[in-house]
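1. Sequence and predicted structure below; questions after.
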Amino acid sequence: MNNFFSLEIPSVIKPILSDRAFSNYALSSSDPQVKSELAGLTLGDCFPLGIQDDSMAQCCLSGLWLLHNFLDESHEISQSIHSREGSYWHGIMHRMEGDYWNSKYWFRKTGDHPCLINVLGTSSWHPSDFTDQCEAHQEADEHLSPALQEIAVAEWSALFEYCYTHASSN
């Protein structure tokens with residue numbers, strides 16, 4: 001499982017957070033078997049000790065769908081979450097689909113989110129700048145470089161950990 005986490009993750013979602021998922025994040029198509037697992041996942045499965053903040057819990061579900069490149073499912077959840085975190089997940093989803101302008105719109109709604117410091121260890125990093133880098137790679141007809149892939153995983157992990165920590169009652 002991804003080594004970014006300092007969280008205690010329930011065993012039911014550990015397989016969803018596999019190393020394979022992180023190595024394929026933002027790069028490959030979706031796996032129908034994982035789609036079935038995600039479709040059967042409830043908030044209670046993700047938060048067996050209870051939920052402190054329902055919108056943060058919904059953000060985690062949106063992030064899990066996004067991790068496995070199910071953009072439509074993630075979008076359906078994130079667009080209904082009216083918070084900075086929902087906007088952040090929404091922006092990542094639009095960046096992954098290549099709708100860069102729309103992505104940056106949602107990142108402006110996010111503002112300087114507290115989890116940004118956990119992406120590259122500096123508060124000067126911003127998801128809109130990263131969006132520009134991803135767009136430049138796409139315009140050059142290139143896949144994400146290993147360095148950009150690493151940043152994408154770090155961003156996903158920082159936001160997921162932030163949301164999970166604030167959603168969980170433990």
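-> Nice, I can see it.
2. and the helix or strand that contains L38, which residues are buried?
-> In the assignment (DSSP states H and E), L38 maps to helix 32-39. Across helix 32-39, burial judged by 16 or more other CB atoms under 10 Å covers V34, L38. Every C-beta, even on glycine, is put in place using the N, C-alpha and C of the backbone.
3. neighbouring contacts of stretch 146-158?
-> 2, 4-5, 22, 25-27, 63, 66-67, 92, 115-116, 118-120, 127, 130, 133-134, 137, 144 (CB atoms under 8 Å, 6 or more residues apart in numbering).
4. Tell me, how many residues neighbour Q58?
-> 22 (other CB atoms under 10 Å).
5. and if you look at T131?
-> Around T131 there are 21 residues (other CB under 10 Å).
6. swap in H68?
-> 23.
7. wait, what's in contact with it?
-> Counting by CB under 8 Å, 6+ apart, H68 makes contact with I16, A21, S30, D31, V34, K35, L38.
8. just the residues you listed: which has the poorest pLDDT?
-> Lowest pLDDT among these: S30, with 78.
9. quick one: it and D72 touch, right?
-> No: taking CB atoms under 8 Å as the definition, S30 is not a contact partner of D72, at 9.8 Å.
10. Please tell me how far Q133 sits from E155.
-> Counting by CB to CB, to the nearest Å, the gap from Q133 to E155 is 12 Å.
11. More neighbours: these two, which one.
-> It is E155, of Q133 and E155, that has more neighbours when counted by other CB under 10 Å, with 23 against 14.
12. the more surrounded of S30 and D72?
-> S30 (16 against 10).
13. Would you mind confirming that C59 is in contact with H90?
-> No: taking contacts as CB under 8 Å, C59 lies outside contact range of H90: 9.8 Å.
14. Spit out the residues that contact the two alike.
-> S78, I81.
15. neighbouring contacts of stretch 45-62?
-> 10, 12-13, 41, 43, 64, 74, 77-78, 80-83, 85-86, 89, 93, 159-160, 163-164, 166-170.
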